[in-house]
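Undergrad: Just need the structure, nothing else, for what follows:
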Amino acid sequence: MTRIPHISLCPIAVDSFACDWSGSLPLQIVDSISVADVSNIVQETTFDILSPMFYSKSEIDRLRSIRYALLRRFECEDSERPLEDEKSADALYRLYLGLKVIRPTAGAFQVLHYDLSQTVPRLPRGSRNNRETIVSDCERLNAIRWKDLEALAKFAPSILESLKTPSSPIAQAIQSLEIGYRADFVNVRHLLWVIGLDALFTSIEWENRGADVAVKRIENFLGRGFEIYPKMESFGFPSLDKLTLGEVLTDVYEFRNNLAHGTWPNKPWARKISRRSADGLDDIYYTTVLSESASSILRGCLKNIFAEEQFVGMFNDKTKMNAYFAQRDLVRKRKAKATAT
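TA: Take a look at the predicted model:
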């Protein structure tokens, strides 16, 4: 049987103000996967047959404008193609989630599969998420930069391995991050992102659970000085006040507790206006800032974990994770009973 070359690609949103990357691509990510300029093959593809049943005109226009993508190359016999397409979709989705940890951008995950034996690309096989990413206000102008791709290449083996088992703590944390970015309501987003933090830093045993335990462990692991809003690099984005983990983490968990127990916080900060929105049209309340903080802290923790192979193994094993923090005396303690006099 003849083995035919194929590619699968997952479009990524890049910084339109960055320098042209063409001289630096393709960038090898892992094994057969790279970041490449795919504009030639995409521009030759006929997408019109997708309209109007599957894609709107604006979506087709976006497809035609694709330039950069995560790309997997493979060869297979025709009978093997469905399995290879599935392998591509799985690997590219895991890397897409890893890129979401590094820098969240708007848009939905989609993957297109091409048969390179065709002289002119026809309509490719493909699939996509039905719900697009809804980035936070502070991330509205985000686009992927070269250093983000370098970070993805560095973290790729850990990302692929960690997401291989959906039930692992790291995978659950990333799932909470991703689902939070598909939710419209700030309370839902906030709950999901704090659930992601709890998946990493707490467990079901009495001494290893609770907001106090989580706060102390996160502060120890990420540092109280961790900046919620890193320096803005996108053109035209308004500057944001410096805000650190130590200033907001307790409130992040208090807000979670209020929402989880069906009450809205009756505190001055619940009605506090923190800034104007990125488009200058709306007020951003402190509760929204807390939600943005939760996602920023979760992503910061995941990046630290992916940066050290030992942390990947430790956070995916609750026994090892709890032992690590127990050595630092970061466990829940029972109050001593008062003695009768």
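Undergrad: C-alpha only now, for contacts and for neighbours.
TA: OK.
Undergrad: Next, find the distance separating the spatially most central residue of the chain from Phe306.
TA: Nearest residue to the geometric centre of the chain (C-alpha atoms, centre = their mean): Lys100, 2.8 Å. Computed as C-alpha to C-alpha, to the nearest Å, the Lys100 to Phe306 distance reads 13 Å.
Undergrad: Show me the helices in the stretch 201-341 of the chain, by range?
TA: Along the stretch 201-341 of the chain, the segments classed as helices by DSSP state H, counting those that start in this stretch run 211-222, 245-260, 286-307, 309-315, 318-326.
Undergrad: how about these, which one is nearest Val42?
TA: Closest approach to Val42 among the helices of the stretch 201-341 of the chain (C-alpha to C-alpha): helix 286-307, 31.7 Å.
Undergrad: now that closest one: how far from the chain's centre is it?
TA: Relative to the mean C-alpha coordinate of its chain, helix 286-307 is positioned 10 Å out (C-alpha atoms, centre = their mean, to the nearest Å).
Undergrad: could you dump the helices of the stretch 201-341 of the chain to a markdown table with mean pLDDT, mean neighbour count and distance to Ala183?
TA: Listed next are these as a markdown table, based on pLDDT from 0 to 100; neighbours: other C-alpha atoms under 10 Å; distance: least, C-alpha to C-alpha, whole Å:
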| stretch | mean pLDDT | mean neighbour count | distance to Ala183 |
| --- | --- | --- | --- |
| helix 211-222 | 97 | 19 | 23 |
| helix 245-260 | 95 | 18 | 15 |
| helix 286-307 | 96 | 22 | 12 |
| helix 309-315 | 94 | 17 | 26 |
| helix 318-326 | 97 | 16 | 28 |
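Undergrad: now for these, which one comes closest to Arg271?
TA: Closest approach to Arg271 among the helices of the stretch 201-341 of the chain (C-alpha to C-alpha): helix 286-307, 7.2 Å.
Undergrad: Could you list every helix and strand in contact with the closest one?
TA: Contact analysis of helix 286-307 by 3 or more C-alpha pairs under 8 Å, 6 or more residues apart in numbering; DSSP states H and E lists helix 81-102, helix 146-162, helix 169-180, helix 186-201, helix 211-222, helix 245-260, strand 273-276, helix 309-315 as its packing neighbours.
Undergrad: and of the ones you listed, who's closest to Leu9?
TA: The minimum distance between Leu9 and those falls on helix 81-102, with 7.9 Å, by C-alpha to C-alpha.
Undergrad: Give me the angle between that closest one and helix 286-307.
TA: Here helix 81-102 runs at an angle of 120 degrees relative to helix 286-307 (axes from the mean of the first three to the mean of the last three C-alpha atoms, to 10 degrees).
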